[in-house]
Each structure stands twice: as structure tokens, then as C-alpha cells.
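J.: Here's my sequence, what's the structure:
(chains A, B, C and D)
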Number of protein chains: 2
Amino acid sequence: MRPKLTLKQIARELDVSISTVSKALKDSPEIGEDTKQKIKAFAKLYNYKPNNIALSLKNRKTKTIGIIIPEIVHYFFTTVISGVEQVANEKGYNVIVCLSNNSFDREVLNLDLLANGSTDGFILSLAKETMQKEDYHHLTEVINQGMPVVLFDRVVDEVHCDKVIIDDIIGAKKAVEHLIETGCKKIGILTTVDYVSVGKLRTRGYIEALEENDYPVDEDLILKIEDMENSEKEIGEFLKTRDVDGLFAVNEQFAVSAIGALRRQGRNVPEDVSVVGFTDGELSKNFIPSLTTVSQHGTRMGAEAAHLLIDKLERKPDEVESYKTVIVETSLVRRESTKN
Amino acid sequence: MRPKLTLKQIARELDVSISTVSKALKDSPEIGEDTKQKIKAFAKLYNYKPNNIALSLKNRKTKTIGIIIPEIVHYFFTTVISGVEQVANEKGYNVIVCLSNNSFDREVLNLDLLANGSTDGFILSLAKETMQKEDYHHLTEVINQGMPVVLFDRVVDEVHCDKVIIDDIIGAKKAVEHLIETGCKKIGILTTVDYVSVGKLRTRGYIEALEENDYPVDEDLILKIEDMENSEKEIGEFLKTRDVDGLFAVNEQFAVSAIGALRRQGRNVPEDVSVVGFTDGELSKNFIPSLTTVSQHGTRMGAEAAHLLIDKLERKPDEVESYKTVIVETSLVRRESTKN
DNA sequence: TTGTACGCGTTATCAT
DNA sequence: ATGATAACGCGTACAA
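T.: A predicted model of the protein is given here:
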């Protein structure tokens, strides 16, 4: 076992000073050609690589980006990570991923941890619990210390920073309009409780689309699901007594649960009921029937977030402070779960 | 904007020396009670947190674990990450995730990068390209420098380190035996080309199960898929001319593709053909029919890997070197895609 | 009880 | 052309 090589060791080995080695490796003109060659050869031979930690300490930047997300076993978030990673790598940044598990405490913990020197900035989607508590002091604090933060997907007005969101309302409208265009008359929605901002917005889009098309808004066709664990059962119960011919689900999970329930009740998709989901994941693509969905373009969101963050990081601190909100467009992907 | 607080600033502010502050904050008995209180109060007020980078440099350890995986948009890998993260956090470790995108170069790049001070050790699953090239010098080098590495899932004998794998052969046998028990007579397999070790092993399990039950092994019922992009088409073609009543797919994707193809050909699952998959993901659970699969317990694998790594990290370097291979048991999850 | 000095690995500035 | 020194932020052995 041969431990990592440092400048000091090279210097001792070659009987020169540390700074000579440093300069030689950086091809400084100050150093004589012959010693330069000698040092370079030695370094290459023993595969010298500068220590990132020492560089970070010296430069006061780490060239790494911290991502904190509520959960990782979730298609959408993985696509976002993937997008961030791509851009980050291009620009020479590293990515640290931490999970909040939707817990406020873990979000604070991870943020604090990474904020103490480990990262130059954050890309973050709020934990569910954080949004319930409406406590964002950990974020404002980090921002106050001069670390750039980019919020995505689950964002909140109270935190002043760059944001990347999708046009939830417009996306939802696209979905519902598609149902209307393909002939649905009674359109229901499977959504989440209102404190989940995306649920709320998508519900708003649903209502707006109905209103704009002179469809009545029937509260009885709106199911707000609190408990993800029991969503399947709840959806089954709901559908049993609802005579809908169109259904908009605010996520993939709800959509497939609905299709399963409908089928068990002898109703066919899309013949009897058309279903549109939100989030375009593996499930949507491979389900039978494959799901018509509003695609969120997570990769693009991640890429946007990374760009925003890196822009901030590489801008001089004295430049004017301003926060952008980038809206990534959704698009409707038509598949088999709706007619036509 | 108030920049991060350092010991130096506290010292200056309170007109004491840096080390006094340091000691006071660590509750050292050397420091007088009153100054200690004063310093602590100040630190708490302005929310002092020590800089991790400086600590890493000093202690020559980072308390972070690097995970390098081939892709993140993949249910299995996310469960592994989740498992690693849980254990790591319990033990006070951080997790950095990097992606190789199945590229050898990116794997080497990320490994080198993280190896230079950013992490104390690695948990890694080999990129497909790396296994094709059979070039593992980057790993052996890192190991030689004294950094512990734990390989999981896609492992290889050539690299000497701890490993976490599943009993692919036994898992595959469980799947095939289940098909046999439920009355299947002609059992096919949808697998990958042999250089993907898991594909190879699962194929072996399939063959062993058949042989042990005195079923003939018919090469014509074995489909080795190279190109994941076109797997759907390939599987359709294959099934068109194969009169099987049981099918073992080495992953979720192949399983659902097969079911889709069968259905299009007018064959029902499980009435005409029973299908068993491998890897228990969202798709398996939610598909209709839901998939009988061999569950890989990714979370447990991640947890095991993290334990192995942290054990190595916290052991004294002079202790005997030995490498363990932990085999995480698979289990068959019976659902609707097989009979009974 | 408090402060000084040193080292972690690196680079930049200033001497020689 | 080469080397010594300081600094990044922290902890600690040792000196005062």
C-alpha cells in the first residue's frame, strides 16, 4: 500500500523545495527547463494528483454542488439529478446528493452539514414536512451567508432565490383540455391535499380548464388524497360511486391505481374512461395501456437549475443581486389511455 | 449578507486567542468558566459551525462516502443509494453520488476526482463499458493508495475488495422452480449478453434449475439481448415463433415487454404463459397483471455495503487485511403474472 | 488559565 | 532559477 503522493514528498524525493515542485507542475516559466522536466516526469510516474481538500481550503470554493431532495426512489427526482449532473460535470463541478426523506429535521441537518464548507451552493426541493411547517429559516440563513440556492419543483415564495418550476397550471390545463377535446363530458381529478404546492396548482389548472370550456366544476369529482400509502384504496372507493368518463391524475401513481380500480369495476380505459397522468416515468411508458401524461422534463429542470446555480457561483459578488424563476414547459405525451 | 463565521473572527471580536475559542467551544477544562460561557454564547448567537474542509484537511479524513453508479434513473440503484444513505447518516457520514453513465472514461474520471481528498472510500457498481474492457487499473490504484472500496451488484473477481452481491444463480433458480411448480413445461429465458455478469449468472441459474428438474435445456428458448434500446422489438420477434408456457426475464423491463408482446399476439398472462421478472420495482408492483419477481432488496444491499465500508474506515490500518463478500438473499414475490 | 506554534496540502508573493 | 513564507480554518501539544 502506497499512500497518496503530496508536493512535499516529491520535493523531498527530488531534493528541491515545495514551491519549486508546485511551480514546475503548473508549467511556470520561472522554473528551469531541466528541473521542470524532472519533476513532471516524477509526478507522472507516481501519478501525482493535487489534493482537492487543500485546494478547496485555499480557494475557498469546493467546486461541488449540493442537491437535497425529499426522496431518491422516485423517477422524477432521478431525472433531475441526472440533468444537474450533466451540466455540473461539463462545467467542472461535482455533485453531492443528500436526502431529506421528506423530514424537516433531516433537511436542516443536511443543509447545515453541507453548508459548512462542503459545497458552494445548493439545488433543493423542499421536504413535505418543511412546507407544512412553513419554516424556512435554514434556507434564508444559508442564503444570507452568501451561498446561492436554487429551489426546484417544490418551491415557496418565502424563500428569495432562483427557482425552477414547471407550468403546473398550464400543464394541468393541457391535460384536461385534451380530455375535453377527445370527447369527455364528466371529468374528475385525483389530486393531493393543498399544502403540496404542485397538487394545489394542478387542481387550479383543472378548474380553470373546466371553467374556460364552460364545464361545471363539481366538487364531488375532486378527490384530494392525503395518505399516499392508502391512495389505491381511496381511489377505488371514490371511483365506485363516480360516473366519470375522464380522469386527470396529478401523478403517475394515482393514474395507474385508477386504471386498476376501473378495470376491476368492469370499466375499460380509454373506452369508458380516459385517463391522463402527470410525470412521465417508466411506469407511464410501460403500463398497459400506456399512459397519456403531462411530461415534466426533469432532466431539463435539473439542467436549468445547474445553470442558474453555476451562473451565480461564477459571477462576481458585487454584481446586482436578482432572482430568476425559470419555468420549464410541460408537454402532453399522447398514448393509449386516452382516446384518439 | 453576512459571511461565514470562523474561529479567528470570534477571537478577534472577543479579544482572545483563536485556540482559546477553539478550546472553549470543545468544553475544554483548561478554559475558565466565565470566558467559556462568553465564547459559547457568542458562538451560538452567531451560529458558528466549524468548517468541514478545514477539519478534513486536518484529520485527513472527510467523513464522506463516494458512490459511483452506472445510472441513476434506475429503480434498483436508487434503492441501493437509499440504503447506503441511511447507514451512512447514522454513522455520521455523508454521501456523494456520481454517475458513470456506463462509460469507462467517466468512471475513471469520477473515481480520480473523488479519490483526491473528497471521500474516504467508495461504493461502486461497475460501468458496462468497464466490464467489457476488463480494465480495472483505476480501482486497483485507488485500493493501493489505501482507500477502501466496496463493489456491489456488478462486481468482478479481478478487483480485490469487499463485495456485496445477490445470489443471482439461486434467485434465478427460485424463479424457474416457481414456474416449474406451477405447471410450466416449456420455459424460456430473456437475458442479456454474457459480459453482463448478472445476466450470465441468472442464465446459469435458469439452466441449473431446468437440469435439476430433468427439463431439457433448449438453446432455442434462450434469448440473449444486447441492445436495450431495441429489446422490445427483439422480444416480440422471439416470442412470435416460440411456443413457451413459462418465461423468466432477467429484469423488469424485459418482463413487461414480453407481456405486452404476448398480449398483442393474443396470448394471455398467466393463463397461456407465466412470466417471472427480476428486480422488484414500481413497474412490477403496478403493472397489470402485477409481476411475480425475484426481489433484489437493493436497500439491504446498500446498507450492507455501507457497513462494510465504514467498518474498514474505522478499523486501525495495521489490522489484518481481509475481504468479505456478502451475499444478500433474494426472495420470490408472487403476484399475478404466474399461476396459483 | 491563556496563548504560541505547528501541521494538514496547496498556491501566491516575495526574497535570494 | 529557486526557495522561504504566509495564508486558507482548525485542533492540539506545549509554553507561559
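J.: Can you verify A:Val326 is assigned to a strand?
T.: Yes - in this structure, A:Val326 lies within a strand as judged by DSSP: H, G, I helix; E, B strand; the rest coil.
J.: neighbours of it, just the number please.
T.: 17 (other Cβ atoms under 10 Å in any protein chain shown). No exception for glycine: its C-beta is placed from N, CA and C like everyone else's.
J.: Repeat that for the one 4 residues further on.
T.: A:Thr330: 23 surrounding residues under other Cβ under 10 Å.
J.: nearest spatial neighbour of it, skipping sequence neighbours?
T.: A:Gly171 (3.6 Å; Cβ to Cβ, 6 or more residues apart in numbering or on different chains).
J.: Chain A: strands as residue ranges?
T.: With strands called from DSSP state E, chain A shows them at A:64-69, A:94-99, A:121-124, A:149-152, A:162-166, A:187-192, A:222-225, A:246-249, A:274-278, A:292-295, A:325-328, A:331-333.
J.: lowest-confidence stretch among the ones you listed?
T.: The weakest mean pLDDT among the strands of chain A belongs to strand A:94-99, with a mean of 89.
J.: and the direction of it versus that of strand A:64-69, what angle?
T.: Going by axes from the mean of the first three to the mean of the last three Cα atoms, to 10 degrees, strand A:94-99 is angled at 20 degrees with respect to strand A:64-69.
J.: Return the alpha-carbon coordinates of strand A:94-99 using CSV.
T.: In CSV, the C-alpha atoms belonging to strand A:94-99 read as follows (Å, rounded to 0.1, in the frame of the first residue of the first chain):
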residue,chain,number,x,y,z
ASN,A,94,-19.1,17.8,-8.6
VAL,A,95,-22.4,16.8,-7.2
ILE,A,96,-23.3,15.7,-3.7
VAL,A,97,-26.7,14.2,-3.2
CYS,A,98,-28.4,14.2,0.2
LEU,A,99,-31.9,13.0,1.1
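J.: where does chain A have low pLDDT?
T.: Counting by pLDDT under 70, chain A contains low-confidence ranges at A:316-320.
J.: How about the residues of it by DNA strand C?
T.: Residues of chain A lying near DNA strand C by Cβ under 7 Å from any atom of the strand: A:4, A:6-8, A:18-19, A:22, A:25-26, A:30, A:50-51, A:54-55, A:57-58.
J.: In JSON lines: the strands of chain A, plus distance to chain B.
T.: Shown next, in JSON lines, are those (distance: least, Cβ to the nearest Cβ, whole Å):
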{"stretch": "strand A:64-69", "distance to chain B": "8"}
{"stretch": "strand A:94-99", "distance to chain B": "4"}
{"stretch": "strand A:121-124", "distance to chain B": "13"}
{"stretch": "strand A:149-152", "distance to chain B": "13"}
{"stretch": "strand A:162-166", "distance to chain B": "16"}
{"stretch": "strand A:187-192", "distance to chain B": "15"}
{"stretch": "strand A:222-225", "distance to chain B": "16"}
{"stretch": "strand A:246-249", "distance to chain B": "13"}
{"stretch": "strand A:274-278", "distance to chain B": "12"}
{"stretch": "strand A:292-295", "distance to chain B": "14"}
{"stretch": "strand A:325-328", "distance to chain B": "17"}
{"stretch": "strand A:331-333", "distance to chain B": "17"}
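J.: Got the domain ranges for chain A?
T.: A:7-50, A:62-165+A:298-328, A:168-296 (automatic domain parsing).
J.: now for those, which one comes closest to B:Gly236?
T.: domain A:168-296 (13.9 Å; Cβ to Cβ).
J.: Please compute how far the closest one lies from its chain's middle.
T.: How far domain A:168-296 lies from its chain's middle: 23 Å, per Cα atoms, centre = their mean, to the nearest Å.
J.: Can you give me the end-to-end span of that domain?
T.: Using Cα to Cα, to the nearest Å, the end-to-end distance of domain A:168-296 comes out at 9 Å.
J.: Next to DNA strand D, which bits of chain A? Give me the list.
T.: Contacts of chain A with DNA strand D, taken as Cβ under 7 Å from any atom of the strand, map to A:15-20, A:23, A:29-32, A:34-36, A:54, A:57-58, A:60.
J.: In helices, which of the residues you listed fall?
T.: Cross-referencing the residues of chain A next to DNA strand D against helices under DSSP state H gives A:18-20, A:23, A:34-36, A:54, A:57-58.
J.: Just the buried residues of these.
T.: A:20, A:23, A:36, A:54, A:57 (16 or more other Cβ atoms under 10 Å in any protein chain shown).
J.: which among those residues gets closest to DNA strand C?
T.: Among those, A:Ala54 lies closest to DNA strand C (Cβ to the nearest atom of the strand), at 3.4 Å.
J.: if we can go back for a sec, could you report the distance from the residue nearest to A:Thr330 to B:Tyr136?
T.: Using Cβ to Cβ, to the nearest Å, A:Gly171 is found at 46 Å from B:Tyr136.
J.: between those two, which one's more packed in?
T.: Using other Cβ under 10 Å, the more surrounded residue of A:Gly171 and B:Tyr136 is A:Gly171, with 25 against 17.
J.: Quick one: residues contacting the residue most central in space within chain A.
T.: Centroid-nearest residue in chain A, with Cα atoms, centre = their mean: A:Val80, separated by 4.1 Å. By Cβ atoms under 8 Å, 6 or more residues apart in numbering or on different chains, A:Val80 lies in contact with A:67, A:69, A:125, A:152-153, A:298-299, A:301-302, A:305.
J.: One more: A:Thr191?
T.: A:Thr191 touches A:199, A:202-203, A:206, A:222-225, A:249-250, A:254, counting by Cβ under 8 Å, 6+ apart.
J.: Buried ones among these?
T.: A:199, A:202-203, A:206, A:223-225, A:249-250, A:254.
J.: List the buried residues for stretch A:138-157?
T.: For stretch A:138-157, burial by neighbour count (16+ other Cβ under 10 Å) applies to A:138-139, A:141-143, A:147-155.
J.: Likewise for stretch A:306-318?
T.: For stretch A:306-318, by 16+ other Cβ under 10 Å, it's A:306-310, A:312-313.
J.: which one of these is nearest chain B?
T.: Lowest distance from chain B to the buried residues of stretch A:306-318 (Cβ to the nearest Cβ) belongs to A:Lys312, with 12.7 Å.
J.: so who does the closest one touch?
T.: By Cβ under 8 Å, 6+ apart, the contact list for A:Lys312 reads A:121, A:148, A:162.
J.: just to revisit the earlier point, reformat the domains of chain A as JSON lines; add distance to B:Ser274.
T.: JSON lines is the format used below for these (distance: least, Cβ to Cβ, whole Å):
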{"stretch": "domain A:7-50", "distance to B:Ser274": "53"}
{"stretch": "domain A:62-165+A:298-328", "distance to B:Ser274": "28"}
{"stretch": "domain A:168-296", "distance to B:Ser274": "17"}
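J.: Pull the contacting residues for A:Cys98.
T.: By Cβ under 8 Å, 6+ apart, A:Cys98 lies in contact with A:66-69, A:110, A:113-114, B:85, B:94-95.
J.: which among these gets closest to DNA strand D?
T.: Using Cβ to the nearest atom of the strand, the contacts of A:Cys98 come closest to DNA strand D at A:Leu113, 13.8 Å.
J.: Surely that closest one and B:Asn52 touch.
T.: Yes - A:Leu113 lies in contact with B:Asn52 (Cβ atoms under 8 Å); the separation is 7.4 Å.
J.: which non-adjacent residue is nearest the residue in the stretch 101-250 of chain A that DNA strand C sits nearest to?
T.: Residue nearest to DNA strand C within the stretch 101-250 of chain A: A:Gly117 (12.7 Å; Cβ to the nearest atom of the strand). Leaving out its chain neighbours, the residue that sits closest to A:Gly117 by Cβ to Cβ, 6+ apart is B:Ile53, at 3.8 Å.
J.: Near the one you found, how many other residues are there?
T.: Taking other Cβ under 10 Å as the criterion, the count of residues near B:Ile53 is 23.
J.: What of A:Leu332?
T.: Residues lying near A:Leu332 (other Cβ under 10 Å) number 17.
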